[in-house]
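Participant: 3D, please:
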Amino acid sequence: MNSLREVTATRYVTPFREGGSMPGLVEADDLGMYVVKFRGAGQGVKVLVAEIVVGELARRLGFRIPEIVLVHLDPELARAEPDQEVQELLRASGGLNLGLDYLPGSFDFNPIVRDPGVELATKLLWLDALVLNVDRSWRNPNMLLWHRDVWLIDHGASLYFHYSWSPERPATKDFRFDPSDHAMLPNAGSLSEVDAELSAKITPELLDEVLALVPDEWLDGDPVELRQRYKDFFTYRLAHRGWVDSLEAARAARV
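Facilitator: Modelled structure (predicted):
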């Protein structure tokens, strides 16, 4: 896939009020239903950038991710909404938004219903540490079960460094990630083989491919420079693997 599909929102169906950004279920002109995260929500477009970068990277590493699409939204859709909060959100979100394919009948991941297995748990722990995803605890696993398969959602809390980029604080440095509360830590195994396997797949070409999927208008500055800064972050993190040792220590302590 060289680009994300683009659709146009035709009907706002219902809000999902569980999350702070209040995503909504939207019907589009391809007759598909999408969970849309809006550019006008309080966290802004950097959440949408993280969703694409981490979601599409995870897909290429073999994880199941609902299809990510770009959703064109006409703020006039707000006129049909009785809820003032929804009206304000839609009016603030004209233009390009992010949608994830709606998985009807899916429900929150539960290890009693479906054991994640050591391989999936270990790989997911590694991925979340790589991308600094601080939002995958048992309180909020951000995993769905759909047809008994595990699907990953909601990666907007990842890559938190891009909220404080500056010449004095570049992305090429170590950032804190605490694995002690990660949902998959109790199920994870040794990380050495997973680390070797997944890190070898993240080539410069793959990073360029994923970063190219982010719309230029969502990058606050020169798109070429900012894509390079994201790439530099991954390059640095893969070259300085102390965080993998920290994961192994946390796993050993839990065992």
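Participant: rest of the way, CA atoms for contacts and neighbours
Facilitator: Noted.
Participant: Tell me which helix or strand comes right after the least confident helix or strand in the chain by mean pLDDT.
Facilitator: Every helix and strand of the chain was ranked by mean pLDDT, DSSP states H and E. The lowest is strand 107-108, at a mean of 90. Note on strand 107-108: by DSSP states H and E, the next helix or strand toward the C-terminus is helix 118-131.
Participant: helix/strand/coil for the residue lying closest to R64 once chain neighbours are set aside?
Facilitator: The shortest distance from R64 to any non-neighbouring residue, by Cα to Cα, 6 or more residues apart in numbering, is to W151 (4.9 Å). Following DSSP: H, G, I helix; E, B strand; the rest coil, we place W151 in the strand state.
Participant: OK, contacts around W151?
Facilitator: Residues near W151 by Cα atoms under 8 Å, 6 or more residues apart in numbering: F63, R64, I65, P66, M143, L144, L145.
Participant: That one and L61, how far apart?
Facilitator: In this view, W151 and L61 are 13 Å apart by Cα to Cα, to the nearest Å.
Participant: Next: E205.
Facilitator: 14 Å.
Participant: List the residues that contact R237.
Facilitator: L130, T172, K173, D174.
Participant: those strands in the protein, which residues are they?
Facilitator: Counting by DSSP state E, the chain has these strands, from start to end: 6-15, 24-28, 33-37, 68-73, 95-101, 107-108, 143-146, 149-152.
Participant: If you count neighbours, what's buried in the first one?
Facilitator: It stands for strand 6-15. Using 16 or more other Cα atoms under 10 Å as the test for burial, strand 6-15 gives E6, V7, T8, A9, T10, R11, Y12, P15.
Participant: neighbouring contacts of that strand?
Facilitator: So strand 6-15 is contacted by 22-30, 69-74, 77, 86 (Cα under 8 Å, 6+ apart).
Participant: where in the stretch 151-255 of the chain is pLDDT low?
Facilitator: Applying pLDDT under 70 to the stretch 151-255 of the chain flags the ranges 255.
Participant: Just give the closest residue to the residue nearest to the spatial centre of the chain, not the sequence neighbours.
Facilitator: Per Cα atoms, centre = their mean, the C-alpha nearest to the average position across the chain is that of H155, at 2.3 Å. Closest residue to H155 apart from its sequence neighbours, by Cα to Cα, 6+ apart: E51 at 5.0 Å.
Participant: ok, back up a step: the residue nearest to the centre of the chain is in contact with A58, isn't it?
Facilitator: No - H155 lies out of contact with A58 (Cα atoms under 8 Å); the separation is 10.1 Å.
Participant: just to revisit the earlier point, now the buried residues of strand 6-15 in TSV, with pLDDT?
Facilitator: Shown next, in TSV, are the buried residues of strand 6-15 (pLDDT from 0 to 100):
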residue	pLDDT
E6	98
V7	98
T8	98
A9	98
T10	97
R11	95
Y12	95
P15	92
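Participant: which of those lies closest to R241?
Facilitator: E6 (36.9 Å; Cα to Cα).
Participant: out of everything not next to it in sequence, what's closest to that closest one?
Facilitator: Nearest to E6 is L70, by Cα to Cα, 6+ apart, at 4.7 Å.
Participant: show me what contacts that neighbour?
Facilitator: So L70 contacts L4, R5, E6, V7, L96, N97, L98, G99 (Cα under 8 Å, 6+ apart).
Participant: Can you flag the buried ones in those residues?
Facilitator: L4, E6, V7, L96, N97, L98, G99.
Participant: hmm, back to that, can you say which of the contacts of R237 are buried?
Facilitator: L130, T172.
Participant: So which of the contacts of R237 sit within helices?
Facilitator: If you go by DSSP state H, these have L130 in helices.
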